[in-house]
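Trainee: attaching a predicted model along with its sequence, questions to come.
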Amino acid sequence: ELGREQVPLLYKPIYRTVENRNFTRHVDIRPFIGARVVFLEHMELEEVKMGDMYVGPSSTVPIVTYAAGFEWTEDTVMYSEDWSMTELSRAMGEAYNALLNHIHLYPIISYNYPAKNKTAASTEGTTYIEKLRNTIKQGLIDAASDRNTETRMARKPTVLLAHPSRQWDIEEALQRMQIGGTIYNPITQINSLIFYDGYRVQVGEKTYEYPGVDPNKAYLIDPQKYFVELIKHDLIVDAAGADLKRLVEGAIVGRARRGVVAAPENAVQEITLP
């Protein structure tokens, strides 16, 4: 738990969660289902206009098994190296939360967005903060102008995902601002800010890296509807027995089985920062 506190889960405002122990290895989903109906003026003896149910294209999502573990030797026990056991537990908790952030945020930051989902950096304004504010505002306008081809609903982003190096500028750009004697209200549509720079760890001779957000990009996200985390079971950690041939006193193994549903094109506006 100490390790999990060190790497907070960042993706939760974006995703809704579906947990089911009965998930099969490959889950058949029709994720985007909606009832559609309209109220019309009713004329006497006229038949009432009935609504319909739209079912999006089906997909198959794999439930992936993720696992990690540690062994410790007899010497660790014999010499009472309790600090080692604490460090093993911390590292496993940190690695698990880093994995969860990666598998949920990488689909957003790695997607190849079409032109309608992209907003260029604004050149309007004399200061960097003005240009940044205008870029974010234009991204919100572009998202609201794009109609989903299936539902005809516009995107309304409420989450902004960016690199941590841009945190202070973005927070300042969203605040109430006075420019040339004119007062501009804060941009209140964004209610969640997520800053993600990935994760890196060296295990043995190999370095593993989860990419973070490009410092020159940010993502305006309409959350929940098009993002789902599928959980067959969350992290389970068990202890294993000794292996006398190698003087291994014990081991711990953690594993989880999860899947991710993401449709960034329906919910994300990628903006290039000035």
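Mentor: That came in fine, so what should we check first? It should be emphasised that the depicted structure is a prediction, and the values quoted were computed from it without experimental measurement. Numbering: from 1, shown residues only.
Trainee: where in the stretch 101-250 of the chain is pLDDT low?
Mentor: 149-151 (pLDDT under 70).
Trainee: can you give me the helices in the stretch 151-274 of the chain?
Mentor: 167-173 (DSSP state H, counting those that start in this stretch).
Trainee: which residues in it form strands?
Mentor: Using DSSP state E, counting those that start in this stretch, the strands found in the stretch 151-274 of the chain span residues 159-162, 177-179, 182-184, 192-195, 199-203, 206-210, 217-221, 227-240, 248-262, 268-272.
Trainee: which among the ones you listed is found nearest to residue 113?
Mentor: Closest to residue 113 of the strands of the stretch 151-274 of the chain is strand 268-272 (CB to CB; 4.8 Å). Quick note: C-beta positions are derived from backbone N, CA and C, even for glycine.
Trainee: what's the angle from that closest one to strand 217-221?
Mentor: For strand 268-272 against strand 217-221, the angle by axes from the mean of the first three to the mean of the last three CA atoms, to 10 degrees is 160 degrees.
Trainee: before we move on, back to that, turn the strands of the stretch 151-274 of the chain into JSON lines, including distance to residue 71.
Mentor: Conversion of these to JSON lines gives the following (distance: least, CB to CB, whole Å):
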{"stretch": "strand 159-162", "distance to residue 71": "37"}
{"stretch": "strand 177-179", "distance to residue 71": "56"}
{"stretch": "strand 182-184", "distance to residue 71": "59"}
{"stretch": "strand 192-195", "distance to residue 71": "36"}
{"stretch": "strand 199-203", "distance to residue 71": "13"}
{"stretch": "strand 206-210", "distance to residue 71": "18"}
{"stretch": "strand 217-221", "distance to residue 71": "40"}
{"stretch": "strand 227-240", "distance to residue 71": "8"}
{"stretch": "strand 248-262", "distance to residue 71": "4"}
{"stretch": "strand 268-272", "distance to residue 71": "42"}
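Trainee: cheers, nothing more for now.
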